[in-house]
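**Student:** what would the 3D arrangement of this be:
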Amino acid sequence: MPSSRPRPRGFSVTGLELAHCSGLWAFPDWAPTEDLRDTERQQKRVRTMFNLEQLEELEKVFAKQHNLVGKKRAQLAARLKLTENQVRVWFQNRRVKYQKQQKLRAAVTSAEAASLDEPSSSSNASIQSDDAESGVDG
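**Tutor:** Numbering: from 1, shown residues only. The predicted model follows:
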């Protein structure tokens, strides 16, 4: 059903005319060329999905040695059917994760130590209520 609303000249109800106007759909001069967009797409790396056996072996080796280089890295990669680069990046990421875990453990340890030095507010409330029941002024 045609709209009763007035339209500017040159526009259709269905927009079919727009589809045939090549100038409206062409990329402006500043837009990247097709070649650039293709190379950007080729640079996108697929995320490696490690299977359970690979992860278990990588974790086992990491527990013994946090940095794997040279022949040992090549042997591990071959054994796990991975590239050396995949093993290198896994170890790099795992070291970052390990460092974050260490910082978190240190923060938790220092927080626990601080809480042992100072009585908690709940234990203070408990002491105050005991004092109130026994009639002792604090």
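
**Student:** okay, now the unreliable bits of the protein?
**Tutor:** Across the chain, the ranges flagged by pLDDT under 70 are 1-41, 118-138.

**Student:** distance check, Arg95 against Gln102.
**Tutor:** Going from Arg95 to Gln102 by Cβ to Cβ, to the nearest Å gives 10 Å. Glycine gets a C-beta too; all of them are placed from N, C-alpha and C.

**Student:** can you check Val96 too?
**Tutor:** Distance of Val96 to Gln102, computed by Cβ to Cβ: 11 Å.

**Student:** picking up where we left off before, who has more neighbours, Arg95 and Gln102?
**Tutor:** Arg95 (13 against 10; other Cβ atoms under 10 Å).

**Student:** does the more buried one really touch His66, like I thought?
**Tutor:** Yes: between Arg95 and His66 there is a contact under Cβ atoms under 8 Å: 5.8 Å.

**Student:** show me the helices in the chain, by range?
**Tutor:** Remark: helices assigned in the chain by DSSP state H are 16-19, 22-25, 34-43, 52-64, 70-80, 84-117, 121-134.

**Student:** just the angle between the fourth one and helix 84-117, please?
**Tutor:** Relative orientation of helix 52-64 with respect to helix 84-117: 60 degrees, computed using axes from the mean of the first three to the mean of the last three Cα atoms, to 10 degrees.

**Student:** OK, contacts around Arg73?
**Tutor:** For Arg73, the contact set (Cβ atoms under 8 Å, 6 or more residues apart in numbering) comprises 84, 87-88, 91.
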